[in-house]
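Just a sequence and a predicted model for now, questions to come.
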Amino acid sequence: MLECQVTGKPPPEITWFKDGVNIDNSPEYVIMEVTGSCALKIRKASQPEHQGDYVCKAKNRCGEAVTTSRLLVKPVQPPKILRPLADTTEKLNAPCVL
């Protein structure tokens, strides 16, 4: 989630962008605003296409302010066995460690 604090009189209108393209509420993105605070939630930021430059722009009739964040998405990998189990033979009623 990307969050920023904003202030202005009159209260600014907030707009979010990814790589220069306007972001709206969608199945992928949720935009939240509470007085003085705004956030952009990316529902599944594990996808490479979510990587990029995100901009939060606050604008009112007196001007605008902009803040930028670069999101890097690390690739995810399925689990893998580093040391497989080996076949073993143990005595009856003896402890067994696999």
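Arrived safely. Keep in mind that what you see is a predicted model, and the values were worked out from it rather than measured.

Could you check the pLDDT of residue 39?
Looking at residue 39, its pLDDT is 95.

Just list the residues touching it, thanks.
Contact analysis of residue 39 by CB atoms under 8 Å, 6 or more residues apart in numbering lists 1-4, 31-33. Quick note: C-beta positions are derived from backbone N, CA and C, even for glycine.

Let me have these in JSON lines, extended by pLDDT.
Converted to JSON lines, these look like this (pLDDT from 0 to 100):
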{"residue": "1", "pLDDT": "89"}
{"residue": "2", "pLDDT": "93"}
{"residue": "3", "pLDDT": "94"}
{"residue": "4", "pLDDT": "93"}
{"residue": "31", "pLDDT": "95"}
{"residue": "32", "pLDDT": "94"}
{"residue": "33", "pLDDT": "90"}
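
Closest to residue 40 out of those?
Closest to residue 40 out of these is residue 2 (4.6 Å), distances taken as CB to CB.

Burial check on the closest one, number of neighbours?
Neighbour count of residue 2, defined by other CB atoms under 10 Å: 16.

contacting residues for it?
39-40, 42, 54, 56, 69, 71.
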